[in-house]
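K.L.:
dropping the sequence and predicted coords here.
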Amino acid sequence: MTAITNAFMGTMLWVDLTTGSIERTPLEEEDILFWGGPAGLNAKLAYDLIPEGCDPLSPENALIIGNGPFVGTTVPAASRPIISAKSPQTGQYATSSPGHFSVMMKLAGYDYLIVTGRSEEPVYLTMFDDDVALVDASDLWGRDIYETTDALWARHPESWVGCIGPAAENLTAYGSIVFNKYSLAASTGLGTVMGSKNLKALVAKGTRSFRVAEPERFMRLAHEVHVDVVSGPHVTEWRELGTLLQFKSSSAGAKEEMDRLDFDMDAWISLYKDKLHKGPLASPQCPVGCKAMLELKGEQFPITCPAGTMTMPFALYRKTDPHRYVEIAECAQLCNTLGLSTMVVTQLIQLSIELWEKGQLGPEMTGGLELRAGEPSVIKQLILDTAYRRTPLGDALASPLDECVRRLGEEAQRYPQHKGTLASIDQRVSRSDAQPWDAHTFSMIVDPRGPVAENAYISLAWMPGRTEDQIRRYLGKIGVAQEDIDQVATGGTDGWDLAKLTRWVEYYNLVLYDVGSCQRSFISKALPLQKVVDLYRAGTGLDVDSDHLLLAAERALVMQRLFNIREGLTRAFEFGDQSHMKPEHRERLHGLLDEYYTYHGWTLEGVPTPDTLERLGLEGYAPRSEPLAVPA
């Protein structure tokens, strides 16, 4: 066994909060060759370290942070770690890839951080090169994200900070980790895992360097990527709108949802640009910047999170008047400072107000608060009640969804649920009977972490109207062999086999996760798979090709799935609530799942076959015949 050094630091840091022990082990070259990077290795570590059926809030859960080989280099936007655990929100595999912290953690000397156990008292972890310590955080417990970050910056100048807020401290199921005030690991409750461990923050400051195998070649290739990124067709729009651009340019289904809500997107974008947006915020090494710094009336407005997207749920919600943009932005700020997943809490607030309007929820649950639709002050109060679990309703909304809807009553249990969230499949599909899903929406159904397009993030299928030539060129760029391209591309505009397309988009995006890259379209367009391979070889010195990295990506997907199968994933759980779907859509979705599973080499129940596991070298992880029970 040999520790890898080129493009890595070669060290894994292990922290046991129960005993206070801190250990270092080598990051083995064999593991990197086999798994490619943290997309798969994180899942393997989670499977090995987290006991089957363990409570996500127990000391037995593990928080795993892994860095890929491009992190800390000159490759544009290569600053994303993979953070993993068992989710308090879904009870399944949790993973997130925020755009901060990984660079400084790596420069402190660590490719991996694995945190287990639970501290008796609140602590934070410092990583200052060889000086790694657990520090008393009693005075920080109860402070919000901004207060905590500012306090730690004052104590440890020039450090990078990832911390939790009151929501995660109070074990809200979907508490987030916020890095340097504006980069979030939000959905799936990774912050709550930290809260359950009494771990308030991670602080890193590094002075080390690392080498790459072929410096001149690596720098030349990275520069080529940079040139391709900044010359991209929509860079100016990304800088002006940030993640709002995804809503402006989203699929037909999302546009129809906005029409249904009578939401004027153009008016909101105009207000956002003229009244709130100061300029872009970028992750390390990113020449674009898809996050936003907001400013109001010439004074600094205290929002430094990815506010473009974070304002949207509040602007969309129940016809909130866009001209109340100050209050809308304050709702987003409140979620970010308290450390709550904005996307999750807005869904639950919508549920609560609809139940109130139906007479199914009364003042005894809300602490006397009248739940008025479209009223930001009501939304802000519900956010506070949820983060602090102040009222019976707030306590229910802070719970995992199955417990939440049980406590809210029979009517709440009728709402469509999917993998531990209220984000129903139907809310994400185009209403077109001919093509009710695209690669983005279908991937939300099959993604291991739940109804978020994580593994099959933006592809060319995000927007309709793609020609056959565009489809074929895209597939070639992401590493699909010609014989497989002929199977995926079915001819004509938007002509693709959806199940097969999703598989290849997953693999390509998992390769990007493995190396530490952002998946935004302006980055991925400049990183065709062969360019990734060339950079990987020049960086690590390892003899890999596109087939090698795609095979590692397949292992990652299967390993994540095996974790979930062990924790109770079944086809029925993956399919979700069918009651809200048209019969023809149910039939089509079952057919898509059959095709998707078969194309992956899985059974029709979605379980990798013994032959598939043997081909991937994962024979030792064969799932047992009867999975654990999952909540209905």
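P.N.:
That came through fine. Being a predicted model, the structure only gives us computed values, none of them experimental.
K.L.:
for residue 44, give its distance to residue 117.
P.N.:
20 Å (C-beta to C-beta, to the nearest Å). For glycine as for every other residue, the C-beta is placed from the backbone atoms N, C-alpha and C.
K.L.:
of those two, who's got more company?
P.N.:
residue 44 (22 against 19; other C-beta atoms under 10 Å).
K.L.:
contacts only, for that one.
P.N.:
For residue 44, the contacting residues are 35, 559, by C-beta atoms under 8 Å, 6 or more residues apart in numbering.
K.L.:
so what's residue 590 closest to, chain neighbours aside?
P.N.:
residue 575 (7.5 Å; C-beta to C-beta, 6 or more residues apart in numbering).
K.L.:
the one you found against residue 593, yeah?
P.N.:
Yes - with contact defined as C-beta atoms under 8 Å, residue 575 counts as touching residue 593 (6.9 Å).
K.L.:
what touches both of those two?
P.N.:
residue 445.
K.L.:
isn't residue 357 up against residue 374?
P.N.:
No - look at residue 357 against residue 374 with C-beta under 8 Å: they stay out of range, at 11.7 Å.
K.L.:
contacting residues around the residue nearest to residue 590?
P.N.:
Here residue 575 is in contact with 445, 589-590, 593 (criterion: C-beta under 8 Å, 6+ apart).
K.L.:
domain-wise, how is this protein divided?
P.N.:
Domain segmentation of the chain under automatic domain parsing yields 1-213+433-632, 232-413.
K.L.:
least confident of these, on average?
P.N.:
Out of the domains of the chain, domain 232-413 stands lowest, with a mean of 80 (criterion: mean pLDDT).
K.L.:
so how far is that one off the chain centroid?
P.N.:
17 Å (C-alpha atoms, centre = their mean, to the nearest Å).
K.L.:
first to last residue in it, what's the distance?
P.N.:
Terminal residues of domain 232-413 lie 46 Å apart, using C-alpha to C-alpha, to the nearest Å.
K.L.:
what are the contacting residues of stretch 150-161?
P.N.:
The contact list for stretch 150-161 (C-beta under 8 Å, 6+ apart) reads 100-101, 103-105, 124, 126, 128, 139-140, 143, 148-149, 163, 179-180, 201-205.
K.L.:
correct me, but residue 51 touches residue 60?
P.N.:
Yes - using C-beta under 8 Å, residue 51 is in contact with residue 60, at 5.2 Å.
K.L.:
mind listing what the residue nearest in space to the middle of the chain touches?
P.N.:
The centre of the chain sits closest to residue 96, judged by C-alpha atoms, centre = their mean, with a distance of 3.7 Å. Shown in contact with residue 96 (C-beta under 8 Å, 6+ apart): 82-83, 177, 184-188, 190.
K.L.:
ok, now residue 574?
P.N.:
419, 445-446, 593, 606.
K.L.:
what about residue 364, neighbour count?
P.N.:
Residue 364: 10 neighbours (other C-beta under 10 Å).
K.L.:
which residues in the stretch 151-300 of the chain form helices?
P.N.:
166-169, 190-196, 215-230, 235-241, 244-248, 252-260, 265-271 (DSSP state H, counting those that start in this stretch).
K.L.:
for residue 560, which of the ones you listed is the nearest?
P.N.:
Residue 560 sits nearest to helix 190-196 of all the helices of the stretch 151-300 of the chain, at 14.9 Å, using C-beta to C-beta.
K.L.:
so what secondary structure elements neighbour the closest one?
P.N.:
When contacts are defined as 3 or more C-beta pairs under 8 Å, 6 or more residues apart in numbering; DSSP states H and E, helix 190-196 packs onto strand 63-66, strand 82-86, strand 93-96, helix 166-169, strand 177-179.
K.L.:
neighbouring strands - and their directions - for the second one?
P.N.:
This points to strand 82-86. strand 63-66 (antiparallel), strand 93-96 (antiparallel) (DSSP bridges).
K.L.:
so can I have JSON lines of the contacts of residue 574 showing distance to residue 223 and secondary structure?
P.N.:
Putting the contacts of residue 574 into JSON lines (distance: C-beta to C-beta, whole Å; DSSP: H, G, I helix; E, B strand; the rest coil) gives the following:
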{"residue": "419", "distance to residue 223": "41", "secondary structure": "coil"}
{"residue": "445", "distance to residue 223": "39", "secondary structure": "helix"}
{"residue": "446", "distance to residue 223": "37", "secondary structure": "helix"}
{"residue": "593", "distance to residue 223": "43", "secondary structure": "helix"}
{"residue": "606", "distance to residue 223": "43", "secondary structure": "coil"}
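K.L.:
export those to CSV and tack on neighbour count and distance to residue 74?
P.N.:
Converted to CSV, the contacts of residue 574 look like this (neighbours: other C-beta atoms under 10 Å; distance: C-beta to C-beta, whole Å):
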residue, neighbour count, distance to residue 74
419, 27, 38
445, 23, 37
446, 25, 35
593, 21, 42
606, 21, 40
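K.L.:
I'd like those as CSV, with distance to residue 13 appended.
P.N.:
Listed next are the contacts of residue 574 as CSV, based on distance: C-beta to C-beta, whole Å:
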residue, distance to residue 13
419, 31
445, 36
446, 33
593, 40
606, 35
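K.L.:
after the longest helix seen in the chain, next one along is what?
P.N.:
Taking DSSP state H as the criterion, the chain has its longest helix at helix 546-566. Remark: after helix 546-566, the chain's next helix or strand is helix 571-575, criterion DSSP states H and E.
K.L.:
who are the contact partners of residue 121?
P.N.:
So residue 121 contacts 136-138, 198 (C-beta under 8 Å, 6+ apart).
K.L.:
most neighbours, which of those?
P.N.:
Busiest of those [other C-beta under 10 Å] is residue 137, holding 22 neighbours.
K.L.:
ok so, going back, mind putting the strands paired with strand 82-86 in a markdown table, distance to residue 387 included?
P.N.:
Listed next are the strands paired with strand 82-86 as a markdown table, based on distance: least, C-beta to C-beta, whole Å:
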| stretch | distance to residue 387 |
| --- | --- |
| strand 63-66 | 21 |
| strand 93-96 | 19 |
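K.L.:
out of those strands, which is closest to residue 11?
P.N.:
strand 63-66 (12.1 Å).
K.L.:
what does that closest one rub up against?
P.N.:
Contacts of strand 63-66 (C-beta under 8 Å, 6+ apart): 37-38, 41-42, 45-46, 49, 81-85, 101-102, 105, 111-116, 190, 193-194, 197, 199.
K.L.:
ok, back up a step: now, which of the contacts of stretch 150-161 lie within strands?
P.N.:
124, 126, 128, 163, 179, 201-204 (DSSP state E).
K.L.:
any idea which of the residues you listed has the most stuff around it?
P.N.:
residue 163 (30 neighbours).
K.L.:
grab the nearest non-local neighbour of residue 552.
P.N.:
Leaving aside its sequence neighbours, residue 552 sits nearest to residue 36 (C-beta to C-beta, 6+ apart; 3.0 Å).
K.L.:
just give me the neighbour total for the one you found.
P.N.:
29.
K.L.:
for residue 350, same thing?
P.N.:
Neighbour tally, residue 350, other C-beta under 10 Å: 18.
K.L.:
now swap in residue 495 and tell me
P.N.:
13.
K.L.:
how much space between the spatially closest residue to residue 287 that is not a sequence neighbour and residue 507?
P.N.:
Distance criterion C-beta to C-beta, 6+ apart; nearest residue to residue 287, sequence neighbours excluded, is residue 230 at 5.1 Å. In this view, residue 230 and residue 507 are 27 Å apart by C-beta to C-beta.
K.L.:
which of those two has more residues huddled nearby?
P.N.:
More crowded of residue 230 and residue 507, by other C-beta under 10 Å: residue 507, with 23 against 13.
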